[in-house]
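Student: what shape does this take:
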Amino acid sequence: MLQAYSSDLDVAANAAFPFNNVTLDKGCSETLSAPASIQLNKRGVYLVEVDGFATPADATLVTAQLYVNGIAQP
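Tutor: Okay, here's the model as predicted:
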């Protein structure tokens, strides 16, 4: 299990979210391979949770997209 996060971070439009902190790294099924990429090293079913928001002053829509081998997933 890997838990990675960033806080108080401004991300430009259409940019990847960088993960600046790893709080839990247990096992070898996944690794933080780049600041904005998590590599899944074994086949399986994975739970991916995202908690992100824009500040009330910003009031913009926040979206996220999961990619597998460079292909956007529904």
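
Student: ok, now which ones touch Gln44?
Tutor: You called it Gln, but residue 44 is Gly. Ser29 (Cβ atoms under 8 Å, 6 or more residues apart in numbering). No exception for glycine: its C-beta is placed from N, CA and C like everyone else's.

Student: tell me the SS of it?
Tutor: Of the three states, Gly44 takes coil under DSSP: H, G, I helix; E, B strand; the rest coil.

Student: list the helices and strands whichever strand or helix holds Ala4 packs on?
Tutor: Per DSSP states H and E, Ala4 falls inside strand 2-5. Using 3 or more Cβ pairs under 8 Å, 6 or more residues apart in numbering; DSSP states H and E as the contact test, the elements touching strand 2-5 are strand 21-25, strand 30-34.

Student: buried ones in it?
Tutor: Leu2, Ala4 (16 or more other Cβ atoms under 10 Å).
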